[in-house]
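Colleague: build me a model:
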Amino acid sequence: MNELRDKNGLTEEEFLRQYDADKYPKPALTADVVIFRTFKDGREPDVLLIKRGGHPFLGCYAFPGGFSNKNEPVEETAKRELLEETGIEGIDPQMVGVYSKPGRDPRGWTVSVAYTAAFDAGEVKAEAGDDAAAVEWIPVSKAQTLRLAFDHDEIFADALETFPG
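Modeller: Residues are numbered from 1 along each chain as shown. Below is the predicted model:
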C-alpha cells in the first residue's frame, strides 16, 4: 500500500522528522474556575474568589486557576488548581469560554480556558492553599462591583450568563 504524500512528496513520518515546532511561538495555557454557591432559601448566590498571594496582581481578587502542566488536559488543570488553591474537589466543570486577548496577563502570552460549577451551600468548604492568600465567598452582586485581576471581570460576566441560578 502506498503511503500518502504531501505536495512536497513527504510522508507524514518524513514531514514530522523535519518539522520545527519552535517556528511558531506558543502561549502558556491556563484554566480558571468560577464556583457559585447557591442557597435553598432563595437568597442571592455567592461566588468564590481568592486573594492573590503573589505577583502579578498581588492582593487582588481573582478566580482560582493556574498554569497547565505539560501533557495535562486543561479540564484536569481546572480541577487540580481548584483543589490546590481552595481545597475543593469533585467538581464537574462546564466550559465558559476561551480567553486569549493579548496583554491579558502581564507575564506574557497566556490563553485561559474558563470553567464554572455550582454547589448548594453546605456541600462545599473552601480553604486557602498554594498561591491563594485567602478565599472568600462573596455575594454575586457585590462581586460584580469589584475589580478583578487579569480579565476575570470578563470571565465572570460570561459565567453569569451560563449560571442557571
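Colleague: which element is residue 15 on?
Modeller: Using DSSP states H and E, the element containing residue 15 is helix 12-18.
Colleague: okay, that helix in PDB with CA atoms only?
Modeller: Extracted in PDB, the C-alpha atoms of helix 12-18 (Å, rounded to 0.1, in the frame of the first residue of the first chain):
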ATOM      1  CA  GLU A  12       3.700  12.100   7.500                       C
ATOM      2  CA  GLU A  13       6.700  10.400   9.200                       C
ATOM      3  CA  GLU A  14       9.200  12.300   7.000                       C
ATOM      4  CA  PHE A  15       7.400  15.600   7.500                       C
ATOM      5  CA  LEU A  16       7.400  15.200  11.300                       C
ATOM      6  CA  ARG A  17      11.100  14.400  11.400                       C
ATOM      7  CA  GLN A  18      11.900  17.700   9.800                       C
END
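Colleague: packing partners for the helix or strand just after that helix?
Modeller: Moving toward the C-terminus from helix 12-18, the next helix or strand (DSSP H and E) is strand 28-38. Applying 3 or more C-beta pairs under 8 Å, 6 or more residues apart in numbering; DSSP states H and E, one finds that strand 28-38 contacts strand 46-52, strand 65-67, helix 74-86, strand 110-120, helix 152-162. Just so you know, the C-beta spots here come from the backbone N, C-alpha and C atoms, and that holds for glycine as well.
Colleague: pull the helix or strand with minimum mean pLDDT from this protein.
Modeller: strand 132-139 (a mean of 90; mean pLDDT, DSSP states H and E).
Colleague: hmm, who's touching it?
Modeller: If you take C-beta atoms under 8 Å, 6 or more residues apart in numbering as the criterion, strand 132-139 is touched by 37, 44-53, 59, 61, 64, 85-86, 126-128, 146.
Colleague: right, I'll call it a day here.
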